Each structure stands twice: as C-alpha cells, then as structure tokens.
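Visitor: heads up, no residue letters with this:
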C-alpha cells in the first residue's frame, strides 16, 4: 500500500530520468540517466532539505503569494553566477506543473558521500571531485512538486535537473558514452547497509535505477524503479533524475513529462 504523500504548504516535490533527442549529432537517440554527483541534497528516504543546514522549503510552510502577484526571480547562488551567464534560465524546468512547484538552485562540486544525494548517475560509485574537463558551465536545480495534481490531494515528490554546456559536441557525447559504459560495467552498485542500486537502460534516452533495500529498511518499497532522462543537443546535456519522496519514486507519467519538457527547452536553446 502506497502511503499518502501530503505536501506541507503550497509547494510540492519530484525527480529522476534521462532522454536524448534525435538531434544529438546524427539522429540516434542516446540512452541513459541522476550524472556525476552533486552537492548535498536530501536522501530519497528523508524529506529533509537538500542542504542539512538550511531550512526545509516544504516543512517551513512558506507564505504563498496571491495569484496576481508578479513571479519572484529565482535566486542564483554565488557559486553559480558565472554559469548563469552561459546557461539561460529557460532551460531549467522549474515549473513543469506550474502551481505548487518549488525549485532550488544547487552548486555541484564534489560527489556526495551518500548516493541519495547525487544529481548525476554514478553507477560505478566514483568518489571525489566531479570531473570538469571540457565543461564550460553547469547549473543544477532540485524541484519539489505535486506529481499527481489531478487527484485533488497534493502529494509531494521531487526531481533534480542538471544542465551542462561542454566546449564541443564531442565532449558532450563522450560524457553520455561514459555513463552508458558505466551502466554496462557496474550494473549493480552496493550503496551500504545492504542496499543495492541496479542500473539498466530502459529505452533510448532513459535509464532505470531499481533500488533494493535490506530487511531493516521496512518502510522502503523494495524493487522500486527511479527514472533518469538524458538529453544531448550538440555540446549541451540535460539530465533529469527522479528523487521521489520517502523512498517512493515519482509517478512515471509525471517524470516523463518533466523529461519531455527538458528535451524541448534544450532544443530551443540557441
């Protein structure tokens, strides 16, 4: 029985999938998904904030502005200021479902110690600093949203998106190829405490991460699949990763919408 996931306040959550468009240098879709890791974010099994030292944007129940209030410009962290000049706001999917969506910008520097905090697929459990070779700019967001807005019962879920601009189409393709190679080489990743992440290519442009938990994790849905979508357009790559909520993945249909939107805005970026 899936527990009801209620959203505190007006903000909701979602996250994980990969898609590559046919325009990726040759017309052949690229399969794959999360990327190198990123800055700390809340584990899928915990509804806490992405930054342990920051207030929880959902739990804090922020005041919702009136419908006629002008939209508030997203805050860009100082560490991402340079990247924001090269990667436009238009390619970040912050408002897939408009009302009730909340997105935080993140700075990705090192691979997180916990796999639940990763923004990029990391099948082989690489540690340390994230690779920077060939990267001109990178922006990352974590979005809390309602993954089932039609049922009249707000349900919190979460996803992460990373957009990277490489110095060439060849460098971008090399990144995607490396992730696919890692999925083939490290299909089953042990993540500690008896947990296992099983990576697989579900379809062109989509990875699946099936999570198996030890018997001690009674509240976790064993074998649940979290999606990852990759989109590559020339020298640009966008990765959408499902985070879900309290160990449960987001609704696949909802995450697929986010992946589709990420592909559309990446194609439109000139």
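Guide: Perfect, I can see it now. Everything numeric here is computed off the predicted structure, so don't read it as measured data.
Visitor: per-residue pLDDT, residue 87?
Guide: For residue 87, the pLDDT comes out at 94.
Visitor: Phi first, then psi, for it.
Guide: phi -110, psi 110 (degrees, to the nearest 10).
Visitor: who's in contact with it?
Guide: By C-beta atoms under 8 Å, 6 or more residues apart in numbering, residue 87 lies in contact with 137-139, 163, 165. C-beta coordinates here come from the backbone N, C-alpha and C atoms, glycine included.
Visitor: C-terminal to whichever helix or strand residue 197 is part of, what's the next element?
Guide: Using DSSP states H and E, residue 197 falls within strand 196-203. Next along the chain after strand 196-203, taking DSSP H and E as the criterion, comes strand 206-212.
Visitor: After that next one, which helix or strand is next? Please name it.
Guide: Next element after strand 206-212 (DSSP H and E): strand 224-233.
Visitor: Tell me which residues of the following helix or strand past that following strand come out buried.
Guide: Beyond strand 224-233 on the C-terminal side, the first helix or strand identified by DSSP H and E is strand 236-242. Buried positions in strand 236-242, judged by neighbour count with 16 or more other C-beta atoms under 10 Å: 236-242.
Visitor: can the residues you listed go into a markdown table with extra columns for distance to residue 115?
Guide: As requested, the buried residues of strand 236-242 are arranged in a markdown table below (distance: C-beta to C-beta, whole Å):
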| residue | distance to residue 115 |
| --- | --- |
| 236 | 26 |
| 237 | 21 |
| 238 | 21 |
| 239 | 15 |
| 240 | 17 |
| 241 | 11 |
| 242 | 14 |
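Visitor: of all those residues, which comes closest to residue 155?
Guide: residue 242 (14.1 Å; C-beta to C-beta).
Visitor: Helices of the protein, start to end?
Guide: Remark: helices assigned in the chain by DSSP state H are 81-86, 169-185, 252-268.
Visitor: Specify the beta-bridge partners of the residue nearest to residue 104 when sequence neighbours are not counted.
Guide: If the residues on either side of it in the chain are set aside, residue 104 comes closest to residue 142, at 5.1 Å by C-beta to C-beta, 6 or more residues apart in numbering. With DSSP bridges applied, residue 142 shows beta-bridge pairing to residue 104, residue 160.
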